[in-house]
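S.K.: Below: sequence and its predicted model.
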Amino acid sequence: MRADGVAGIEGVALPGLSALAAPVFDARGQLVLSLTAIGPSATFDASVDGAVARALKPAALQLSTRLGWKPPAPGR
């Protein structure tokens, strides 16, 4: 799911709980943290294109940018 910008699990680590996480990078391109949302599997949308992912991805990108990260040039 790296290309999606988020990774998720559904009921794997703990039955009944799902989660999505988006990476945050520093100016060197190193992973420094992840923004993670967790919720009950019955109602939590853990899809990579769902509402939670649509909120997490831009928030992680904004934080990464504030930390000095620049996305790689196209084709890299």
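M.R.: Great, that's in hand.

S.K.: Would you mark the buried spots in the helix or strand of the chain with the lowest mean pLDDT?
M.R.: Least confident helix or strand, the chain: strand 7-10 with a mean of 87, by mean pLDDT, DSSP states H and E. For strand 7-10, the neighbour count (16 or more other C-beta atoms under 10 Å) marks A7, G8 as buried. Every C-beta, even on glycine, is put in place using the N, C-alpha and C of the backbone.

S.K.: contacts for the helix or strand following that strand?
M.R.: Using DSSP states H and E, the helix or strand that follows strand 7-10 in sequence is strand 17-25. Strand 17-25 is contacted from outside by 5-11, 13, 31-41, 44, 46, 48, 52-53, 56-57, 59-60, 63-64, 67, 69, using C-beta atoms under 8 Å, 6 or more residues apart in numbering.

S.K.: all helices of the protein, in order?
M.R.: Listed from the start of the chain, the chain has helices (DSSP state H) covering 51-66.

S.K.: Name the spans of the protein whose pLDDT lies under the cut-off.
M.R.: Counting by pLDDT under 70, the ranges of the chain that qualify are 1-2, 76.

S.K.: For P58, see how far away the most centrally placed residue in it is.
M.R.: For the chain, A22 is the residue whose C-alpha lies nearest the centre (C-alpha atoms, centre = their mean; 1.4 Å). Distance from A22 to P58, counting by C-beta to C-beta, to the nearest Å: 9 Å.

S.K.: Over to P15?
M.R.: 30 Å.

S.K.: Kindly report the same for K70.
M.R.: From K70 to P58 the distance is 16 Å (C-beta to C-beta).

S.K.: now swap in V48 and tell me
M.R.: Distance from V48 to P58, by C-beta to C-beta: 14 Å.

S.K.: Tell me which of those two has more neighbours.
M.R.: V48 (16 against 12; other C-beta atoms under 10 Å).

S.K.: just checking, the more buried one touches V6?
M.R.: Yes - at 5.4 Å, V48 and V6 qualify as touching, with contact defined as C-beta atoms under 8 Å.

S.K.: just to revisit the earlier point, just the buried ones from the contacts of strand 17-25, in ChimeraX syntax?
M.R.: Here is the ChimeraX command that picks out the buried ones among the contacts of strand 17-25, judged by 16+ other C-beta under 10 Å:
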select :6,7,8,35,37,41,44,46,48,52,53,56,57,60,63,64,69
